Every structure is written in structure tokens, then in C-alpha cells.
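Asks: Quick one, structure for this:
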Amino acid sequence: MEREKLGSRLGFILLSAGCAIGIGNVWKFPWLAGQYGGATFLLFYILFLVVLGLPVLTMEFAVGRASQKSPVHAYQALEKPGQKWHIHGYLCLIGNYLLMMMYTSVAGWMLHYFVLALTGAFEGQDNAGITAMFADMLGNPAITGGWMLVVVIAGFAINSFGLQKGVERVTKVMMIALLALIVLLAVHSCMLSGASEGLSFYLKPDFAKMQEVGIGSTIVAAMNQAFFSLSLGIGAMAIFGSYIGKDRALLGEAVRVGCLDTFVAFVAGLIIFPACFTFNIEVSSGPNLIFITLPNVFNNMFLGRLWGTLFFLFMAFAAMSTIIAVFENIMSCSMDLTGASRKKTALINGAVLAVLSLPCVFGYNIWSEFRPFGEGSAVLDLEDFLVMNIWLPLGSLVYLLFCTSRYGWGWKNFVKEADIGKGAKIGVIPFVRFYATYILPIIIIILFLIGMNDKFHIVEALLGA
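Replies: The predicted structure is shown next:
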């Protein structure tokens, strides 16, 4: 069967960016920036995006384009006889399922909140009322499960129409609408009466604030967010490399995707911080920022129902763009493994993922007594930990070692593939081989160990012993 191709380079960039641009950009990035001092966090985030994210993103694209296979078969096409790198291909597929098991539920929350904003459900509610609405949603498996099913059915239905007619066509429209919405919302937010104070917090570095919250904590948080923002390590980007031609060098394409990803995260801050400062809302309120804090902001805003509706529509687009992209990865892997048609693969995977997503739905109601990390945690926290703290960093390390080690694909083969075509070449950058081979793996391992320690307090336990 001839491999499908994307219809245009714009489709590749928007689809890859759509995979990267998700809830992490528009939900997690603003509240992290709020907690860690605004502009100082932003500076470190951009620095680490360049030195951590772009090299690994280029490698994933290269593995995909050179192999012309999905992640489950990509290593087999490039590894030497007898090697076992291809085992990671199957782990990539598991990682995509794990990511979607929680992502479909949170995307459902976004769609639910879009409908609530559209119908005026937030109007007249005080902070206690809006807090209760969020708790009521999570506590009702019919609501959260119903919206999860809508997300799963819609995502696989779009993918069933094919790469160009379904995935590329819908993602192009969604991404262009997302970019238009975010600019419109940011312009409006920056015209509010308290915008200057919010913009100062967000754009003017305050190193005293950084010292107050902890220099090390700020750097580690920015490093983690930059690294995980691009969804690296589970083949989610490698798949799109397999769909593109060889007319463009891959570092330049990685930079474009990274810029779009950063642009959306940055502009999300331009929406949120001026609004929060205008209405005296605490910007460091954490994960509640989107679902509790911002509905209160829109309630106090002129034409708040309109702006709230547009904001949650933007959030829904961001979530769905990632879901469609990751569903495509799952579909491609499944078709490579089984030889089944695209429509049959969509039907089977839709049923499988609907069942696999139920634990996350039930984690806040039927299974609320299951607290994997103690009081206040739920199934979603366990799934998030497995993906963010284990699959992504260790998966990225495997891609990195495969592309730099002579026991893998090797540096020369990687650079030869990455530098084909017009645009920026990775092979001409001074010291890049030394950095990628010896420095970057150490950084990734440190990130992994920090993630383990943050969750299990290993260092404290050893010191206590």
C-alpha cells in the first residue's frame, strides 16, 4: 500500500504545530508563568525550548522521513540487523494511548465549558457558584463521560476520511481559526483598564520575584515545560516526518513548529494576565486558573459572555488539534501492524480508546477513593505522571541515542537526512554533535530524576535514612 502524503508544506507545519499546541500551552503554561514570576519564567522557557526541544524534534522528524514508516516500524527500517531499538516503537504506541486516555477527558471539559459559556450558565454566579459548577461536572460521570465520547467519536471520524481529506483539511481550518481567535482575545485583553500592570508582570523580568519563589524551582519548571510542550518522545512528531517530502531541511521546519507552539503559549499569557490584573484575580491560582478563575473574570467583563465563549472555543480547538494529530499516529501504527483499512482502524480504535478513557472519567466520581499519590490525586494524575515523567523524557532519550550513537542509526545518517533540502542545516552548527551526544542526554536524565524525586521525594528519604 502506497504511503499517504500531506497535500502541502503548510499542512505539515500546521498539523505538527497542532500536535504540539494543546492544553499544555494554553492551560498549563499561563498558570506556571503566574506561579513562577511571569517574565523570568518566560525567558527560561524560551531558552530551554531552543536548547532542548528543537534538537529532539528535528531527530523525530528525521527518523520519520528516512523510514517512511509509523513509529512502530520506523526503527526496523533504520536499525542494523539484530538490534532491538524497534522495541521503543511499541512503547511509543502505548504512550500515545496513555496520553489520549486522559487528554480526551480534559478536552471534553473544554467543550462542556464552551457550551456553558455560550448558554450563559456562568452569568450571575459568584466564585462559590462557579467552583461548585466545576466540582459538579467532575462528579457527574454522565457529563464527563458523554463529552469524552463526543471527543473520541469526532476525532476518529475526522481521521477516518484520510490524511488529506480528513486530518489535514480539518486541522488547517481549526489552526487558522485558533490563531485568529487567540489574537482577537489578546488584543481585547490588552485594552482592559488594568492591562499595563498585567503586561508588566508578564513581560518585565523580576529576578527578585524569581528568588522569592526559588531560582532552582523556576529553572526546573521552565525546563520541564519547554521540553514537554512539543510532545516529544512518543513518536507523535515522527509520524508527520514520514508524511513529508525531502525539499526542506528539517531543522528549519522544527524551528517553525517551535515558533508557532511558543507563539500560542506566549499569547495565551497576553490574554490571561491583563484580565487577571484588571479584575484583581490572583495569577498564581494554579490549575484552577482556567475553570474557576477565568469564568469569574468574564463575569465581570463587558460582553463577558461573548469573550468567555470565544475563549473556551479557542481552548477546545487547541485540545482537539492535539487529539486529531495523536489519533493519526495511533491510526498509522495500527494500520502498519494489522494492514486494516483506515475506516476499520478508526472504528476499532474509537471503541478501544472510549473504554480506556473511562478510568480518567471515573477517577473524580465512581473511583474517587482511588488516590494514587495520596489525598487530592486521581487517576488523571497517575496517567499524567506516566506520560510526562516517564514516557516523554525516556522516549526522547531513546530517539536521541538512536540518532547520535554508532550503535544506533548514527550521527552521520541522521545529519544526512535532516539536512536534505532547502533551509537551516543542523550539521553546520559548531559543537552540535558534541552537545547532542554528551550534554543533552545528561540534561534529559537529570529531568527524569528530578521528576521522580518531585513525586516520590527520594533524596529526602535517603537523607532522612
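Asks: helix or strand for residue 245, which one?
Replies: Element membership of residue 245, judged by DSSP states H and E, is empty: it is in no helix or strand.
Asks: which phi and psi does it have?
Replies: In terms of degrees, to the nearest 10, the main-chain angles of residue 245 are phi -80, psi -170.
Asks: That one and residue 5 touch, don't they?
Replies: Yes - in this structure, residue 245 sits in contact with residue 5. The criterion is C-beta atoms under 8 Å, and the distance is 7.4 Å. In this view, the C-beta of every residue, glycine as well, is placed from N, C-alpha and C.
Asks: nearest residue to residue 458 other than its sequence neighbours?
Replies: Taking C-beta to C-beta, 6 or more residues apart in numbering as the measure, residue 458 lies nearest to residue 452, with 6.3 Å between them; neighbours along the chain are not counted.
Asks: In three-state terms, how would that neighbour be classified?
Replies: Following DSSP: H, G, I helix; E, B strand; the rest coil, we place residue 452 in the helix state.
Asks: Neighbours of residue 389, how many?
Replies: 19 (other C-beta atoms under 10 Å).
Asks: how much space between it and residue 160?
Replies: Between residue 389 and residue 160 the computed distance is 33 Å (C-beta to C-beta, to the nearest Å).
Asks: got it, and residue 188?
Replies: Counting by C-beta to C-beta, the gap from residue 188 to residue 160 is 37 Å.
Asks: Need the pLDDT of the residue nearest to residue 458.
Replies: Predicted confidence (pLDDT) for residue 452: 84.
Asks: and what of residue 464?
Replies: According to the predicted model, the pLDDT of residue 464 comes to 65.
Asks: Check residue 46 too.
Replies: We have a pLDDT of 90 for residue 46.
Asks: Distance check, the residue nearest to residue 458 against residue 38.
Replies: Per C-beta to C-beta, residue 452 is found 28 Å from residue 38.
Asks: quick one, which of these two is more surrounded?
Replies: Higher neighbour count among residue 452 and residue 38: residue 38, with 25 against 16, using other C-beta under 10 Å.
Asks: which ones are touching that one?
Replies: For residue 38, the contacting residues are 201, 202, 203, 204, 206, 209, 269, 273, 283, taking C-beta atoms under 8 Å, 6 or more residues apart in numbering as the criterion.
Asks: for the first one, helix, strand, or coil?
Replies: This means residue 201. Residue 201 - assigned by three-state DSSP - is helix.
Asks: Against residue 266, how distant is the closest residue to it other than its chain neighbours?
Replies: Leaving aside its chain neighbours, residue 201 sits nearest to residue 38 (4.5 Å; criterion: C-beta to C-beta, 6+ apart). Relative to residue 266, residue 38 is positioned 12 Å away (criterion: C-beta to C-beta).
Asks: next one: residue 438
Replies: According to C-beta to C-beta, residue 438 and residue 266 sit 31 Å apart.
Asks: ok, the two, which is more surrounded?
Replies: For residue 438 versus residue 266, the count of surrounding residues by other C-beta under 10 Å is larger for residue 266: 20 against 10.
Asks: for the helix or strand encompassing the more buried one, the distance to its chain's centre please.
Replies: With the criterion set as DSSP H and E, the secondary-structure element containing residue 266 is helix 250-278. Remark: helix 250-278 is offset 13 Å from the chain centroid, using C-alpha atoms, centre = their mean, to the nearest Å.
Asks: Averaged pLDDT, it. What do you get?
Replies: In the prediction, helix 250-278 has an average pLDDT of 88.
Asks: do stretch 380-387 as well
Replies: Averaging pLDDT along stretch 380-387 gives 91.
Asks: Return that stretch as PDB; C-alpha atoms alone will do.
Replies: Coordinates of each C-alpha in stretch 380-387 appear next as PDB, following Å, rounded to 0.1, in the frame of the first residue of the first chain:
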ATOM      1  CA  LEU A 380      -5.600  11.600  35.800                       C
ATOM      2  CA  ASP A 381      -2.600  12.400  38.000                       C
ATOM      3  CA  LEU A 382      -1.300   8.800  37.600                       C
ATOM      4  CA  GLU A 383      -1.800   8.900  33.800                       C
ATOM      5  CA  ASP A 384      -0.200  12.300  33.600                       C
ATOM      6  CA  PHE A 385       2.800  11.100  35.700                       C
ATOM      7  CA  LEU A 386       3.300   8.100  33.500                       C
ATOM      8  CA  VAL A 387       3.300  10.100  30.300                       C
END
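Asks: That'll do, ta.
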